[in-house]
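> curious how this folds, go ahead:
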Amino acid sequence: MSSRVPEDFHTITPHIVVRGVARAIDWYTSALGAHELLRHKAPGEGGVIMHSELLLGDSRFFVVDEFPQAPWSPQSLGGTSVTLHLYVEDVDELFDRAVGAGAEVLLPVSDQFWGDRYGMLRDPFGHRWSIASRIEDLSPRAMKARAEGWAKENQPS
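Residues are numbered from 1 along each chain as shown. As a prediction, this is how the structure comes out:
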């Protein structure tokens, strides 16, 4: 063994819990373009999927079913504090496809001061996704100036 980090993984791997993981896998593959790599059912749990791995772009993520003894899906918790961020070639196309497949728009896609075309949605399983395409590379100085301008324009009256 040359490394304790598997070569197919990045340093951080999202691990999300959903109600109805089989439906979630179908949604993530059709709406976001993920590829299912594997799924394992829990023994004696009536077909509950205890682990699945999906590949989205060059990154893996795990999707698991919520168990009664571990009610950790956004539906059980009343939401999530985590946003999963995707950089893609065509943010408008992927965003529209996800919305067409049932995602809720939280922030419509628009050009942002930090150089991304960016939008945010909630998938049908309660997870938030921000999706972006880089449209402009900015220096730290330009980013700071734009952030200050944005803050000034968006101060409460």
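
> find the nearest non-adjacent residue to the spatially most central residue of the chain, please.
Closest to where the C-alpha atoms of the chain average out (CA atoms, centre = their mean) is Leu84, at 3.3 Å. Distance criterion CB to CB, 6 or more residues apart in numbering; nearest residue to Leu84, sequence neighbours excluded, is Trp129 at 5.1 Å. C-beta: built from backbone N, CA, C; applies to glycine.

> so after the strand or helix carrying the one you found, what's the next helix or strand?
Using DSSP states H and E, the element containing Trp129 is strand 128-134. Where DSSP H and E defines the elements, the next helix or strand beyond strand 128-134 is helix 140-153.

> quick one, helices of this structure?
Taking DSSP state H to define them, one finds helices in the chain at 21-32, 74-77, 91-100, 140-153.

> columns distance to Arg60 on top of those, output as a markdown table?
Listed next are these as a markdown table, based on distance: least, CB to CB, whole Å:
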| stretch | distance to Arg60 |
| --- | --- |
| helix 21-32 | 12 |
| helix 74-77 | 21 |
| helix 91-100 | 18 |
| helix 140-153 | 30 |
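
> how about CSV for these, with mean neighbour count and distance to Met120 added?
Listed next are these as CSV, based on neighbours: other CB atoms under 10 Å; distance: least, CB to CB, whole Å:
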stretch, mean neighbour count, distance to Met120
helix 21-32, 19, 14
helix 74-77, 16, 15
helix 91-100, 18, 9
helix 140-153, 11, 16
